[in-house]
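Visitor: this one's sequence-less:
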């Protein structure tokens, strides 16, 4: 048996499972301050029974080699916390720490859409855009756990802001970025005397989300579909860089791509075929993530199973 711990800004989860990715026990609770959260993690872990290792999935920055959580923006007060050492002392089993994007990559590679591949990229494509890299059958985290921060790549000199940079990959391909695009195109429409399905007038501009734009796009709204066309084309541009550099056989994309693949794929594929080296493009397939709501739980569990 293996224990997985998912530490999030609002919620934590502790799961007990096996090497097949079968979850046998699961407990969720709200994230509190650092001391109380760690106490609760230890308490819940004890109740799980016996296990041979612990895997922790947590947002970065962190030092996976030393097992230290280093002040993630969504975990206030978690400054240089030696989480692996703390849990090792409590349970006397190996403890492994991974940033959440890398842990999700492991989960999709081990249990999901990336099964059987040797070279795989996982993209989060949710609130932000990050990547986990499986290269030559191993997780690649880089010199100081910063590999895979693809959201920071600038795709255009102008565009929505993501990762602190306008026109970035995350700016175009994230929930917040899609909302920014939608607001900009809605304002253009208003100035020309028109309106959009997802935003009738300026009083609604702050309520625009990636979800509301997608719903309007599915109903045929022209401006909403334009937003997803721009996003799809920029997704293809970003992926083409990764394909040409890393030559993966599979790219697995989660969250928004899972839900809105039908709005994005045509434009993404069109751009990939224009931009990629043909030999690299030919061997790479782009697929939605498979694990859905279980991804966070299996991400933590996979860290324990893989011993990363």
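Guide: Sure thing, it's come through. Keep in mind the model is a prediction, meaning the values are calculated, not measured.
Visitor: Could you use CA atoms for every contact and neighbour count after this?
Guide: Noted.
Visitor: All the helices of the stretch 201-308 of the chain, residue numbers only.
Guide: Applying DSSP state H, counting those that start in this stretch to the stretch 201-308 of the chain gives helices spanning 210-218, 222-246, 256-275, 278-282, 295-306.
Visitor: who's in contact with the last one?
Guide: With contacts defined as C-alpha atoms under 8 Å, 6 or more residues apart in numbering, helix 295-306 is touched by 2-6, 13-19, 21, 23, 53-57, 95-98, 100, 103-108, 110.
Visitor: Inside helices: which ones of the residues you listed?
Guide: 100, 103, 104, 105, 106, 107, 108, 110 (DSSP state H).
Visitor: Now the last one: closest residue in space, sequence neighbours ignored.
Guide: This means residue 110. Leaving aside its chain neighbours, residue 110 sits nearest to residue 302 (7.2 Å; criterion: C-alpha to C-alpha, 6 or more residues apart in numbering).
Visitor: count of residues packed around that neighbour?
Guide: Residue 302 is flanked by 33 other residues according to other C-alpha atoms under 10 Å.
Visitor: about what we covered before: out of the helices of the stretch 201-308 of the chain, nearest to residue 164?
Guide: helix 222-246 (17.0 Å; C-alpha to C-alpha).
Visitor: Could you check the angle the closest one makes with helix 210-218?
Guide: Comparing the axes of helix 222-246 and helix 210-218 via axes from the mean of the first three to the mean of the last three C-alpha atoms, to 10 degrees yields an angle of 110 degrees.
Visitor: Now do helix 222-246 against helix 256-275, angle only.
Guide: 70 degrees.
Visitor: re the thing from before, point out the most buried one among the helices of the stretch 201-308 of the chain.
Guide: Among those, ranked by average contacts under mean count of other C-alpha atoms under 10 Å, first place goes to helix 295-306 (a mean of 29).
Visitor: partners of the helix or strand of the chain with the lowest mean pLDDT, with directions?
Guide: Using mean pLDDT, DSSP states H and E, strand 161-162 stands out as the lowest-scoring helix or strand of the chain, at a mean of 91. Strand 161-162 has the following sheet partners, assigned by DSSP bridges: strand 165-166 (antiparallel).
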